[in-house]
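Student: predicted coordinates and the sequence they were generated for:
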Amino acid sequence: MNIELMRLLENIVRIGVVTEINTDTWEVRVQSGGLTTNWIRWNSGRAGKFRIWIPPSPGEQVLLLCPGGNPETAVSAGSLYSNDNPPPGALENEMVITAPDGAEFHYNAQESNLTAKGIKTATITARTSITLDTPEVECTQHLKTKTFELTDGGTMKGNVTHSGGNLSSNGITVHTHVHSGVKSGSDTSGGPQ
């Protein structure tokens, strides 16, 4: 086997570290040993009808695939954990995604538990409806809604303040209703109207 063929074979698969990223062209530059690549494309989890955008970052260790052993045709094929970027999870039955701002999305299949934390805001927009199908939904702080409809009863505890509109119970407006049969003394008035 001649030296040139050996060099090409050794270059087919390399390990390197991302040094630069261009999010406009979806390309990175990678350093592998003494070699720094030109701008090359990085691998995406999906790039068809379903698409995923999670760009690599400088310092990320990646696998380089060089068709024909030529680094000029290389692509960044995927990431590898390293001492600088260790995995965010350690269990066999969990999925963990972390972001640079401290956000974490964690699913533990053994406990059937999904957690999203470390985020400042979350927005879900649906064209038709959103269904929360569970025996209990708990909101630990202030809940604000434009309108609501309670269909199967319930209870309220604590002080409730109402302003800016009518509050009705069984067709009777609470703050403007009157009573019939009002008499002085210890008699009881009639029902509200």
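Tutor: Perfect, I can see it now.
Student: got any ranges where this structure has weak pLDDT?
Tutor: 1, 187-193 (pLDDT under 70).
Student: so in it, which strand runs the longest?
Tutor: strand 13-22 (DSSP state E).
Student: report all helices and strands that it contacts.
Tutor: Helices and strands touching strand 13-22, as assessed by 3 or more CB pairs under 8 Å, 6 or more residues apart in numbering; DSSP states H and E, comprise strand 27-32, strand 35-36, strand 61-65. Backbone N, C-alpha and C define where each C-beta goes, glycine included.
Student: how about the helices in the chain?
Tutor: Here the chain has its helices, by DSSP state H, at 3-11.
Student: which one of the helices and strands packed on strand 13-22 lies nearest to Lys157?
Tutor: Lys157 lies closest, by CB to CB, to one member of those: strand 61-65, at 54.8 Å.
Student: tell me how far that closest one lies from the chain's centre.
Tutor: With CA atoms, centre = their mean, to the nearest Å as the basis, strand 61-65 stands 27 Å off its chain's centre.
Student: sheet partners, orientation included, of that strand?
Tutor: If you go by DSSP bridges, strand 61-65 pairs up with strand 13-22 (antiparallel), strand 75-80 (antiparallel).
Student: dump those strands into a markdown table; add mean neighbour count as well.
Tutor: Below are these laid out as a markdown table (neighbours: other CB atoms under 10 Å):
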| stretch | mean neighbour count |
| --- | --- |
| strand 13-22 | 16 |
| strand 75-80 | 17 |
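Student: start and end of stretch 67-76, how far apart?
Tutor: Terminal residues of stretch 67-76 are spaced 12 Å apart (CA to CA, to the nearest Å).
Student: typo on my end, it should be stretch 130-150
Tutor: OK, stretch 130-150 end separation, CA to CA: 16 Å.
Student: got the contact list for that stretch?
Tutor: Ile124 (CB atoms under 8 Å, 6 or more residues apart in numbering).
Student: ok, stretch 59-68 next?
Tutor: 8, 11-18, 28, 30, 32, 37, 40, 42, 56, 71, 73-82, 84-85.
Student: Glu60 - how many residues pack around it?
Tutor: Glu60 has 22 neighbouring residues, counting by other CB atoms under 10 Å.
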